[in-house]
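K.L.:
Fold the following for me, if possible:
(one chain, ligands or ions: 2)
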Amino acid sequence: MAVWALLKGRDMTKHEILELPGCGCEDAPQTKSLLPVSEALQQIRQATGRISELEELPVDETLGRVLGRDVQAQIMMPPFDNSAMDGYALRRGDCPQEGPFRLPVVQRIAAGQAAQAPLEPGTCTRIFTGAPIPAGADTVVMQEQVQLAGGMAVFGRAPSEGQNIRRAGEDVALGDVIVPAGQVITTRELAAITGAGLAKVQVVRKLRIAVICTGSELAHAGETLNPGQIYDVNGPMLKSAVAAIGAELVHQSECPDTKQALAAAMADASEIADLVITTGGVSVGEEDHVHGAILQAGGDLKFAGVAIKPGKPLSFGRIGRALFLGLPGNPVAAFVTWTLFAKPLCQRLSGAADGLRTARLVRADTPLQHKTGRCEYRPATIVGRDDQGREVVHLGPQVHSAQLAPLVGCDGLVRLPGDVKELPLGSMLEFLPFEG
Ligand SMILES: Nc1nc2c(c(=O)[nH]1)N[C@H]1C(S)=C(S)[C@@H](COP(=O)(O)OP(=O)(O)OC[C@H]3O[C@@H](n4cnc5c(N)ncnc54)[C@H](O)[C@@H]3O)O[C@H]1N2
Ligand code: MOO
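P.N.:
Ligands and ions are numbered 1, 2, ... in the order given. Okay, here's the model as predicted:
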């Protein structure tokens, strides 16, 4: 069933994880030998265990890492009762009826100081935001409501008890889980962990990824191209993609199109990597040696061929202790399959939440055509919102899988279901943002 058909009757005000069944390519005769995207993802999930090795790091060096153990608060937050305002701390009971009230100012407490003595009845203390509330005081009146006259604080309206006081432990109790294991540490988690009093935390060790770009036609950027050569796009692209997910690139090489050389490179890489990624050489021509090479190197293939456009030859298996992903050579196909399959695989390996959960529904700003069969992922740009506040995306015509320009500046990928030929203007489609 097509995604957009399922959406009729959906409550668009609810936030929910998109768990859309299939993608419309299961029954198409053209895709019989190809695995539906959802099944390919399922097989990857099933075959991927979690890395158990942890390392301890100073909190300020953990950006982008996956937390290995729950972080529990070492202190209450706030750690003591303190003032939320610059003003005067007093006893509410000293202001019983209507004002004006006059209380002598007997102390001065700034943030970072301790109260010198409990607050005597009938007095008040000058206090500043973040400063500890002296024993006996239960209320803070902000300074804008107070006038000073001869050492007395004078104010008109009776305050309510407890106003402008942040109570010890009201945000976080001692031992509360501040950040759960499996959370990717962003600036926000880093701030919360630091505030809870931890200097070091346990994170999952970095994933080790090997990237082997196959192709006798590949030259490095900056080199003069000989006839028949092209620049290696996939190598630098995947190097940056690996860095962006906080993983370690433990091996990067280009390999000529021979089974022997590839088998040796893959076997070597599998000794040091959790995941060996190849690009190219994974289709059906006699110059495509990845499948033969993985078997020769003692590995096995779990699937080869997915009903996706671009990315049809995507292959998955295992070699030694490492997992294996064979991405297609065409750079757009390599990028799309990295995004849809390699990233979730890496997230699963490190115990992080699956980034595909951030997919959401958006409206198309034009009618769309799509060749039925494989489901298609097209680069898309968010262009605004409709009158109901729903995001509207623009996507161009079908992209050739070697054509990189449409990827520049766009926000994510939109899925066009495999069994739909025409999508009318305003169709609701699944959108997977690049960030996430
Ligand atoms: N007879 C068939 N031919 C092809 C089929 C098919 O089903 N039957 N599928 C096509 C599809 S779809 C794709 S995608 C490609 C993928 O093939 P491979 O993964 O084996 O990739 P290659 O043939 O090695 O390369 C494809 C293309 O990409 C260029 N390339 C390769 N590596 C890089 C790199 N690192 N940087 C930049 N460009 C690269 C390469 O020169 C080729 O032009 O197969 C179709 N054929
Ligand atoms: O699947 Mo290929 O990646 O269409 O070009």
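
K.L.:
count of neighbours near G326?
P.N.:
29 (other CB atoms under 10 Å). Bear in mind the C-beta positions are built from the backbone N, C-alpha and C, glycine included.

K.L.:
Next: R208.
P.N.:
20.

K.L.:
Quick check: phi and psi at A47.
P.N.:
Main-chain torsions, A47, degrees, to the nearest 10: phi -90, psi 0.

K.L.:
confidence score at it?
P.N.:
Looking at A47, its pLDDT stands at 97.

K.L.:
which one is S283 nearest to, not counting chain neighbours?
P.N.:
P313 (4.6 Å; CB to CB, 6 or more residues apart in numbering).

K.L.:
ok, that neighbour - contacts?
P.N.:
V282, S283, V284, A304, G305, G326, P328, A333 (CB atoms under 8 Å, 6 or more residues apart in numbering).

K.L.:
what's the closest of those residues to ligand 2?
P.N.:
Closest approach between the contacts of P313 and ligand 2, by CB to the nearest ligand atom: A333, at 3.0 Å.

K.L.:
Just confirm yes or no for the helix or strand encompassing the closest one near ligand 2.
P.N.:
Per DSSP states H and E: A333 is located in helix 331-337. Yes: against ligand 2, helix 331-337 shows contacts by CB under 6 Å from any ligand atom at A333.

K.L.:
hmm, who's touching the helix or strand following that helix?
P.N.:
Using DSSP H and E, the helix or strand that follows helix 331-337 towards the C-terminus is helix 343-349. Applying CB under 8 Å, 6+ apart, the contact partners of helix 343-349 are 41, 44-45, 48-51, 207, 209, 245, 247, 274-275, 323, 325, 353-356.

K.L.:
now the residue nearest to S283: how far from Q296?
P.N.:
18 Å (CB to CB, to the nearest Å).

K.L.:
how distant is stretch 46-65 from the center of its chain?
P.N.:
14 Å (CA atoms, centre = their mean, to the nearest Å).

K.L.:
Buried ones in that stretch, by neighbour count?
P.N.:
For stretch 46-65, burial by neighbour count (16 or more other CB atoms under 10 Å) applies to T48, I51, L54, V59, T62, R65.

K.L.:
same thing with stretch 69-88?
P.N.:
V71, A73, M76, M77, P78, D81, N82, S83, M85, D86, G87, Y88.

K.L.:
Give me the nearest residue to the closest residue to ligand 1 within the chain, chain neighbours excluded.
P.N.:
Proximity of the chain to ligand 1 (CB to the nearest ligand atom) peaks at G329, 2.5 Å away. Closest residue to G329 in three dimensions, ignoring its sequence neighbours and counting by CB to CB, 6+ apart: G280, at 2.9 Å.

K.L.:
for the one you found, phi and psi?
P.N.:
With angles defined as degrees, to the nearest 10, G280 sits at phi 80, psi 170.

K.L.:
in stretch 101-110, what counts as buried?
P.N.:
Those would be F101, L103, V105, V106, Q107, I109, for stretch 101-110 by 16+ other CB under 10 Å.

K.L.:
actually stretch 117-133, not the one I wrote
P.N.:
L119, T123, C124, T125, R126, I127, F128, T129, G130, A131, P132, I133.

K.L.:
Okay then, goodbye and thanks.
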